[in-house]
Each structure stands twice: as C-alpha cells, then as structure tokens.
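Enquirer: Model the structure of this input:
(chains A and B)
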Amino acid sequence: MNDATPAVEIRDLHKHFGRLEVLKGISLTARPGDVVAVIGGSGSGKSTMLRCINMLETPSAGEIAIHGEAYAMRRTRGGLEPADRKQLQRIRAQLGMVFQNFNLWPHRTVLGNVIEVPVQVLGMPRDEAVARARQVLDRVGLAEKEDAYPAHMSGGQQQRCAIARVLAVEPLAMLFDEPTSALDPELVGEVLNVIRDLAAEKRTMILVTHEMGFARDVASHVVYLKDGRIEEQGPPEQLFGDPHSPHLQQFIRSIA
Amino acid sequence: MFDAIDFSLLALSSPGWGGALLAGFLRSVELAAGGYLLGLVIGLLGASAKLYGGRVLRDFAEIYTLLIRAVPELVLMLLFYYVGTDLLNKLMGAMGREGIDIDGLSAGILVIGLVQGGYATEVIRGAIRAVPPGQIEAAQAFGMSPLKVLRRVTLPAMTPHALPGMANLWMIATKDTALLAVIGFSELTLVTKQAAAATREYFLFFIAAGLLYLALTLISNLGLRWLERRARRGLPAAA
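Expert: A predicted model of the protein is given here:
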C-alpha cells in the first residue's frame, strides 16, 4: 500500500432507519494526513455517516473501505450487515473513535482505559502498553492523572483521556463525533487544543463538529451535509469564504 | 421457666446438642452457598438469553422466570425434589441404567439454585440494562469481540448495579435453606427441631438457631459491604 491509498473511502453510502432515509448516497475520501471536517445542521446525517465508518451503524447500501480494504458485507432484509466478524474487529481496531459523551470505562482508571485496547485487542505486552500509555497521557496533559477514575475528572479531562485512548492504538484514522458538544464552554478550548496539535502532526482524522472557527482552522477539507447529501465540499477557505450553496450560506450565517 | 434452662445441652459433645447444631448450620451454609452460586450462573445465562438470545432462548428464559416467581418457593422445592428425582430416575431407567441416588447436598443445592436463578436472571438483566450503552459501543468500536466486551466491560460495569439485588438474594438463600427441613434435610432448622423435641427445650434451641442465622447475616453484611465498595470504585458517590 502506498500513500495514495485512501485511509477512508466511502462510496455511495445510504442509510435508512425504517422509512426515514438519513443518508442518501454519500461518497467521501480521506487520504492519509487529511483532516476532514464534516459540518451540517442537526439531522443532516453527519454523525450517522461517521458511525458507518466503523460499522456502529450498518449501511443500508454502499461500500466503505479502510486503507483499501472494503468491509465484507452481506445482504439482510433491511440492508447490509458485516459478513466477516474477524475482519470487522481487525478493521475497527485500526480506527479510533472519540465520542460526544466520552464513553470511558468507569470501572477502570485513566491508565486502565488507555491500555485496555492495546492489551486486550492488539495483544501488546502490558509493560509496553503502560509505557506507551504514559507517553500519550503526557501528550494530552494527563500525566498526573493516570490513577484517577473518569467520574472524578472534569469533562475536558475525560475527553482528553478518551483521545489518549485512541492515540494508544496508533489508528489509521481518528473519528471524532462532536467531541466538544457535551462540554461546558470553558472546557472546550483544552480539548480543541489537543485535537489541533494532532491535526498539525498530519494524523488522518474525520471530525464531525459544530465548532466552525475550529473547522476552518484545522481542516484540510470541509464537507457540508444537508438532508443526507453532501451539498458542498472543498478547502475551508473556499467553503467558509465563498460558499455557493444558499443553504450553506444561511447555515454559516446562523452559526456566526 | 427461664431459671430452668440447662445450657449444658448446648455442649458440643453428647449428651449436648451443640455439635449437631453446628453441623446443621454448616450444612445450611453449604446449601445456601452452593445454591446461590448455581443461581448466579443461571442468572447470568438467563439474563444473556433474555437480552441477547434468539426467540427460542428468550421465550424459554421468560417462561422460567415467570414460573419461578409465580409459584411459592416451598411448592417449587417439593416439586423439584420429588418430581425432579423421580423424572431423573425414570430417565435413567429408560436409558437402561440403574436409578441413581442423588446425594442430599447436590439435590438441595439444585433445588435452591433453580429458585434463585429465576430471581437472579431479573436482577442481572436489570443491571446490564443500567450500563450506559455508550460504554459497550466504545468497546465494540475498538474491535473487541462480543465475548471480550461482555467480560471486560458489560460484566464489571453492571456489577455495582447488580450487587444490592444480589445481596438480597444471598440473604434469601440462607433462609430458604430452612424450607428444606420439610423435605428432610438435616440442616439447621430440622436439627434444631429434633434437638428441641428430644429435650423439650424449645426455647433454648430455637433461640440458639436464631442467633446462628443472625450471625451468618451479620458476617455476610460485612463481606457484602466490602464487595459493594470495591465494585463501586470509580463511580461517583451515591446521591
């Protein structure tokens, strides 16, 4: 595989819940090093699209490939489902997801959360996992907190721990699902700063966000979703500076 | 009447009944512990069947918990014991083997475990449902296998929710052993009755038995409190 292989490739993705069609044919490519920001109003399908990338939602139709490897899918009555559990687990282990509500494991310490996947899924020796966990915790500014339990930390600290948990698996691509939406306003900055640093390192990420200023700063590519379709996409300067779609113009005005 | 109580009747060796009482007590603890553990296993399986099983498994678990919770425990115990051993013997006979004699302890554990399992299924099902789905989703998103998700996330995360209910079930298990006296198990209650009848000292022996049950409860409480503190590590203090 060379660098031209897309880290994440989505082809003609459809998703419906019952009769409600949430995604109506989305195609999107993230090459290694890309920082793709996905913006759009609520109900536009941006979170659903993100969750299809690691099959937390199963597509109704379409194809998704991670680093050139497409998920093996089989047809069901309502759509598709992963056909190869081993492959699914292997691909998932290469994608790190940061959730809106952190979703840390409350019965494990910060360190326990960060070493869990390397040890339990990737089979890394514990010592090595701990050493690596300490490095990534240091990167997100939680070196002092390794023995704390998530419930005893602020939302910003919890989300930084969740980012460390993702960094510990050295993912091919990081998926962020509105990582600052559940945070108190004064805690948003510390999380965005961590993500900004990671973007500067050219880590591949797909970022669903409401933070327009942030998207404009860090993204290499911005995608605007409207009613389950990509209505406009391009470099941030173009999308925010000179939007063509009237919906996007209105959306940007309403946020600003 | 109190001045006539002869405490020497509680002596450990004959003619005292203390030794017999303690043996009965130990038997009660064995029955309770065995039945409780069996109930815990059945509960885990039953809850998994109800939450993750296909239709057949789900219906089966549903009928099981319905029956267990609808019929009085004493009736269930009589049913399981007499009908159960009868069926087993007939089955063995049909297979051309000799009828087997299930020893009393196993039979008692089986009977208590089957009753406990019905309640444990519901306690554990509720506890698993109390785990925020996001924690399980995160484990799946990182590529954990379903079994590993269960072992590393679902079970430890549901434990603090299950403990109060499961602690209750342990208390009930210790007392349900007394019902086995009806079937003729030499557990604490039956032994006490025999001792009391033989010596006509009902007051002395039933008070002694009551104190033994109480002691078991108090010791259990210490253990359960420790377990709950441990399981709740990392959870915010209860509001």
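
Enquirer: Any residues of chain B in contact with chain A? List them.
Expert: B:132, B:134-135, B:137-145, B:148, B:152-153, B:156-157, B:159, B:231, B:233-236 (CB under 8 Å from any CB of the partner chain). Bear in mind the C-beta positions are built from the backbone N, C-alpha and C, glycine included.

Enquirer: Out of the residues you listed, which sit inside helices?
Expert: The helices, defined by DSSP state H, take in B:Gly134, B:Gln135, B:Glu137, B:Ala138, B:Ala139, B:Gln140, B:Ala141, B:Lys148, B:Pro156, B:Ala157, B:Thr159, B:Ala231 from the residues of chain B next to chain A.

Enquirer: The helix or strand hosting B:Met92: how far from the chain's middle?
Expert: Using DSSP states H and E, the element containing B:Met92 is helix B:84-94. How far helix B:84-94 lies from its chain's middle: 25 Å, per CA atoms, centre = their mean, to the nearest Å.

Enquirer: Drop the exposed ones from the ones in helices among the residues of chain B next to chain A and show what's left.
Expert: B:Gln135, B:Glu137, B:Ala138, B:Ala139, B:Gln140, B:Ala141, B:Lys148, B:Pro156, B:Ala157, B:Thr159, B:Ala231 (16 or more other CB atoms under 10 Å in any protein chain shown).

Enquirer: Excluding covalently adjacent residues, which one is nearest to the third one?
Expert: To tie it back to what came earlier, the one meant is B:Ala138. Distances taken as CB to CB, 6 or more residues apart in numbering or on different chains put A:Asn103 closest to B:Ala138, at 3.9 Å, once the chain neighbours are dropped.

Enquirer: Also the second one?
Expert: Using CB to CB, 6+ apart and skipping the chain neighbours, the partner closest in space to B:Glu137 is A:Leu56 (6.0 Å).

Enquirer: packing partners for the helix holding B:Met92?
Expert: In terms of contacts (3 or more CB pairs under 8 Å, 6 or more residues apart in numbering or on different chains; DSSP states H and E), helix B:84-94 is packed against helix B:104-129.

Enquirer: What parts of the stretch 1-150 of chain A come near chain B?
Expert: So far as CB under 8 Å from any CB goes, the stretch 1-150 of chain A lies against chain B at A:54, A:56, A:85, A:88-97, A:99, A:101, A:103-109, A:116-117, A:120-121, A:149-150.

Enquirer: Return a PyMOL selection command for the buried portion of these.
Expert: The PyMOL selection below is limited to those of the residues of the stretch 1-150 of chain A next to chain B classed as buried (16+ other CB under 10 Å):
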select buried, chain A and resi 54+56+88+89+91+92+93+94+95+96+97+99+101+103+104+105+106+107+108+109+116+117+120+121+149+150
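
Enquirer: Out of the residues of the stretch 1-150 of chain A next to chain B, name the ones that lie in helices.
Expert: Mapping the residues of the stretch 1-150 of chain A next to chain B onto helices (DSSP H) picks out A:Arg85, A:Leu88, A:Gln89, A:Arg90, A:Ile91, A:Arg92, A:Glu116, A:Val117, A:Gln120.

Enquirer: mind listing what the first one touches?
Expert: Translated: A:Arg85. For A:Arg85, the contact set (CB atoms under 8 Å, 6 or more residues apart in numbering or on different chains) comprises B:Ser145.

Enquirer: and what of the last one?
Expert: With contact set as CB under 8 Å, 6+ apart, A:Gln120 has these partners: B:Met144, B:Lys148, B:Arg152.

Enquirer: what separates A:Arg74 from A:Leu80, distance-wise?
Expert: 7 Å (CB to CB, to the nearest Å).

Enquirer: who's more crowded, the two?
Expert: Per other CB atoms under 10 Å in any protein chain shown, whichever of A:Arg74 and A:Leu80 has more neighbours is A:Leu80, with 19 against 9.

Enquirer: Find the residue closest to the more buried one in space, skipping its chain neighbours.
Expert: In space, A:Leu80 is closest to A:Met73, 4.3 Å off (CB to CB, 6+ apart).

Enquirer: So what's the residue count around A:Ala70?
Expert: 13.

Enquirer: Report the beta-bridge partners for it.
Expert: A:Ala65 (DSSP bridges).

Enquirer: Tell me how far it lies from chain B.
Expert: 17 Å (CB to the nearest CB, to the nearest Å).

Enquirer: sorry, back to before: which two among the ones in helices among the residues of chain B next to chain A are spaced furthest apart?
Expert: Greatest spatial distance in those: B:Ala141 and B:Ala231, 25.0 Å, computed using CB to CB.

Enquirer: Spell out for me which residue occupies the centre of chain B.
Expert: B:Tyr36 (2.8 Å; CA atoms, centre = their mean).

Enquirer: sec struct for A:Ala182, please.
Expert: Three-state assignment for A:Ala182 (DSSP: H, G, I helix; E, B strand; the rest coil): coil.

Enquirer: ok, it to chain B distance?
Expert: On the measure of CB to the nearest CB, A:Ala182 and chain B end up 11 Å apart.

Enquirer: quick check: longest helix of chain A.
Expert: If you go by DSSP H, chain A has its longest helix at helix A:185-200.

Enquirer: got a list of what the residue nearest to A:Leu80 touches?
Expert: Taking CB under 8 Å, 6+ apart, we find A:Met73 in contact with A:Thr58, A:Pro59, A:Glu63, A:Leu80, A:Glu81, A:Pro82, A:Ala83.

Enquirer: Spit out the contact partners of the second one.
Expert: Contact criterion CB under 8 Å, 6+ apart gives A:Leu13, A:His14, A:Lys15, A:Leu23, A:Cys52, A:Met73, A:Gly79, A:Leu80 as the residues in contact with A:Pro59.

Enquirer: what does the last one give?
Expert: In this structure, A:Ala83 makes contact with A:Ala72, A:Met73, A:Arg74, judged by CB under 8 Å, 6+ apart.

Enquirer: remind me which residues of chain B are low pLDDT?
Expert: Scanning chain B for pLDDT under 70 picks out the ranges B:1-4, B:98-102, B:237-239.

Enquirer: give me that answer again for 50
Expert: B:239 (pLDDT under 50).

Enquirer: For residue 152, give me its contacts.
Expert: Went with chain A since none was named. B:Gly234, B:Pro236.

Enquirer: nope, chain B please
Expert: A:Trp105, A:Glu116, A:Gln120, B:Ala139, B:Met144.

Enquirer: what residues are up against B:Thr154?
Expert: Counting by CB under 8 Å, 6+ apart, B:Thr154 makes contact with B:Ile128, B:Val131, B:Ile136.

Enquirer: Tell me the most packed of these, by neighbour count.
Expert: Counting by other CB under 10 Å, top hit in those: B:Ile128 with 22 neighbours.

Enquirer: now the nearest residue to that residue once chain neighbours are set aside: how far from A:Leu104?
Expert: Excluding its sequence neighbours, the residue lying closest to B:Ile128 (CB to CB, 6+ apart) is B:Met158, at 4.7 Å. In this view, B:Met158 and A:Leu104 are 16 Å apart by CB to CB.

Enquirer: now do B:Gly84
Expert: Taking CB to CB, one finds B:Gly84 at 47 Å from A:Leu104.

Enquirer: doesn't A:Ala70 make contact with A:Pro63?
Expert: Quick fix: residue A:63 reads Glu, not Pro. Yes - counting by CB atoms under 8 Å, A:Ala70 is a contact partner of A:Glu63 at 5.5 Å.

Enquirer: got the buried residues for the helix holding B:Met92?
Expert: For helix B:84-94, burial by neighbour count (16+ other CB under 10 Å) applies to B:Gly84, B:Thr85, B:Asn89.
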